[in-house]
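> need a 3D model of the following:
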Amino acid sequence: MTAATIATWVLAPLFGVMILLFIFRIVLTWYPQFDLTRFPFNVVAVPTEPFLSPTRKLIPPLGGVDISPIIWVGIFSLLRELLVGQQGLLFMMERMV
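So this is what the prediction gives:
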């Protein structure tokens, strides 16, 4: 088993989970009355907040809408395709061996 295979097995689910968490976070922005420090909402908030905090400082909410989770969905989707997608770097490295 090569390092590229192991990296693919780890990164593909990780990217998928993070994209899903950011999508849940987008939905949670529609309901500001939910307390993100309480279960089950903290399951979504805790892993995503380290990414969203600095992004909010760079790009403040536009018209009261927080677009930082949307930006991170795009970033993680791009990384997933570039690394483990059908034409991704790790996928191609696996096929070369």
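> the closest residue to M18 other than its chain neighbours sits in which helix or strand?
Leaving aside its chain neighbours, M18 sits nearest to F76 (5.1 Å; criterion: CB to CB, 6 or more residues apart in numbering). (Glycine included, C-beta is placed from N, CA and C.) Remark: F76 resides in helix 68-84, with elements defined by DSSP states H and E.
> can you check P13 too?
In this assignment (DSSP H and E), P13 forms part of helix 3-29.
> could you point out which element follows that helix?
Moving toward the C-terminus from helix 3-29, the next helix or strand (DSSP H and E) is helix 41-58.
> now that next one - C-alpha only, PDB.
What follows is helix 41-58, C-alpha atoms only, in PDB (Å, rounded to 0.1, in the frame of the first residue of the first chain):
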ATOM      1  CA  PHE A  41     -25.300  22.200  17.200                       C
ATOM      2  CA  ASN A  42     -21.800  22.200  18.800                       C
ATOM      3  CA  VAL A  43     -21.000  19.100  16.700                       C
ATOM      4  CA  VAL A  44     -21.200  21.300  13.700                       C
ATOM      5  CA  ALA A  45     -19.800  24.500  15.200                       C
ATOM      6  CA  VAL A  46     -16.700  23.300  16.900                       C
ATOM      7  CA  PRO A  47     -14.900  21.900  13.800                       C
ATOM      8  CA  THR A  48     -16.000  24.700  11.500                       C
ATOM      9  CA  GLU A  49     -15.400  27.800  13.700                       C
ATOM     10  CA  PRO A  50     -11.600  27.800  13.400                       C
ATOM     11  CA  PHE A  51     -12.000  28.200   9.700                       C
ATOM     12  CA  LEU A  52     -14.900  30.700   9.800                       C
ATOM     13  CA  SER A  53     -13.500  33.100  12.400                       C
ATOM     14  CA  PRO A  54     -10.500  34.400  10.400                       C
ATOM     15  CA  THR A  55     -12.600  34.400   7.200                       C
ATOM     16  CA  ARG A  56     -15.200  36.600   8.900                       C
ATOM     17  CA  LYS A  57     -12.400  39.100   9.800                       C
ATOM     18  CA  LEU A  58     -11.300  39.300   6.100                       C
END
